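*Asks:* One predicted model, sequence on top.
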Amino acid sequence: MFAEEGCTMVFCSVRCREAAWSRFHFAGCQGRMTEVQKSAYDIFIHYNWEHKGVNYSDTVFLAFRFLCMIITNIRLHKKPLEIAHRSVSQLIKAPLSMFRFSYLLSDDSTDSRDEEVQLRKRWELFKKLRAQPVSSEVDNVTEDFLSIGIELVDKVLQFTGEERRYFTPSVWSELLGAVLLNGQERSPPSNYDYLKEIVRGMPGGLTSMNAFEEQVQEAGVDPQQLHYSSRGQGIYTIGCLFNHSCDPNLQVLYSSVNDETLTVEALRDIEPGEELLISYIDESLPYPDRQQQLYEHYLFTCRCSKCESESHDWEEVATKIEDPSSISSPF
């Protein structure tokens, strides 16, 4: 069901729709927008949010949702701007310029026989990068990216003069950073596994399913994507408070009934008073890759027990590698 005529967002129930309306949808509902706002919204949704080789569309859309929450608090619930922004401003944040994501741009097509060599080269290059001071100064490319973003949001939400003075490119930058630091990707399970088992139980079902997945692969789609109903990002009030460890004592799960609930499950017995820790990344990755992803995405150097036990080996290896300045960058 829709919130307003012309609205493109579908809700599962009246209760869900009313909760969304009160929290964020009042500001972001297309059914309430003027033609000028709808045109700006269409541009915003279809804009190419790639920045320095990285696609930030998920980050931008979730940041827009947070701005809709703030504007709804101001216009529907009549809260002062600073109070309306308080719940979002309390999230840990950093300006967009502090994030690098060079690991997303690396070439993974290397022959498996050279994986160790490439890993050591990437490690040396990353160490050189990490030794450089991190600056929050905004270059021209980033400045343009941020200015375009907040200008489009302004056109969609039709900021008042006060709102426009408050939501500057700098505030938008920190909001994007808050999403990057606190957001958790989620891909809830689909009904594909259930339906696949039913078909496989039929005469010739196994052959049919194998043929179907081959057709999917030939079409250029990874058959594994069939196991997920959607992909997105969310910020969970409790979930974003967990610290990281490459040897976590919790794993993050999602409700089997697909209701967007995030739950955690203990991976081992946990002692009273022991900190609850999750992994922000794939903890099975080699030490250099873990360190790079955590530093470039979450802005810290991991010193968990697993990293401490492995770091000495890599520091010893590093002394045997050629000078990083003579290595061509794989990024």
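*Replies:* Everything's here; your move.
*Asks:* Which parts of the stretch 201-331 of the chain are helices?
*Replies:* With helices called from DSSP state H, counting those that start in this stretch, the stretch 201-331 of the chain shows them at 205-218, 287-298, 305-318.
*Asks:* C-alpha coordinates for the shortest one, PDB please?
*Replies:* Listed next in PDB are the C-alpha coordinates belonging to helix 287-298 (Å, rounded to 0.1, in the frame of the first residue of the first chain):
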ATOM      1  CA  TYR A 287      46.400  -9.800   7.800                       C
ATOM      2  CA  PRO A 288      47.400  -7.200   5.200                       C
ATOM      3  CA  ASP A 289      44.000  -7.100   3.600                       C
ATOM      4  CA  ARG A 290      42.200  -6.900   6.900                       C
ATOM      5  CA  GLN A 291      44.400  -4.000   8.100                       C
ATOM      6  CA  GLN A 292      43.900  -2.100   4.800                       C
ATOM      7  CA  GLN A 293      40.100  -2.500   4.800                       C
ATOM      8  CA  LEU A 294      39.700  -1.500   8.400                       C
ATOM      9  CA  TYR A 295      42.100   1.500   8.000                       C
ATOM     10  CA  GLU A 296      40.600   2.800   4.800                       C
ATOM     11  CA  HIS A 297      36.900   2.200   5.600                       C
ATOM     12  CA  TYR A 298      36.700   2.400   9.400                       C
END
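*Asks:* rewinding a little: could you export the helices of the stretch 201-331 of the chain to JSON lines, including columns for mean pLDDT and distance to Met33?
*Replies:* C-betas here are computed from N, CA, C, even on glycine. Output for the helices of the stretch 201-331 of the chain, formatted as JSON lines (pLDDT from 0 to 100; distance: least, CB to CB, whole Å):
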{"stretch": "helix 205-218", "mean pLDDT": "89", "distance to Met33": "38"}
{"stretch": "helix 287-298", "mean pLDDT": "96", "distance to Met33": "34"}
{"stretch": "helix 305-318", "mean pLDDT": "81", "distance to Met33": "49"}
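*Asks:* which stretch among those helices comes nearest Ile150?
*Replies:* helix 287-298 (22.8 Å; CB to CB).
*Asks:* where's the closest one relative to the chain centroid, distance-wise?
*Replies:* Distance of helix 287-298 from the chain centroid (CA atoms, centre = their mean, to the nearest Å) equals 15 Å.
*Asks:* Kindly report the same for stretch 278-294.
*Replies:* 16 Å.
*Asks:* how long is it from one end to the other?
*Replies:* Terminal residues of stretch 278-294 are spaced 13 Å apart (CA to CA, to the nearest Å).
*Asks:* what's next to that stretch, contact-wise?
*Replies:* 102-103, 119-120, 122-123, 126, 242-248, 250-252, 264, 297-298, 300-302, 306-307, 310-311, 313-314 (CB atoms under 8 Å, 6 or more residues apart in numbering).
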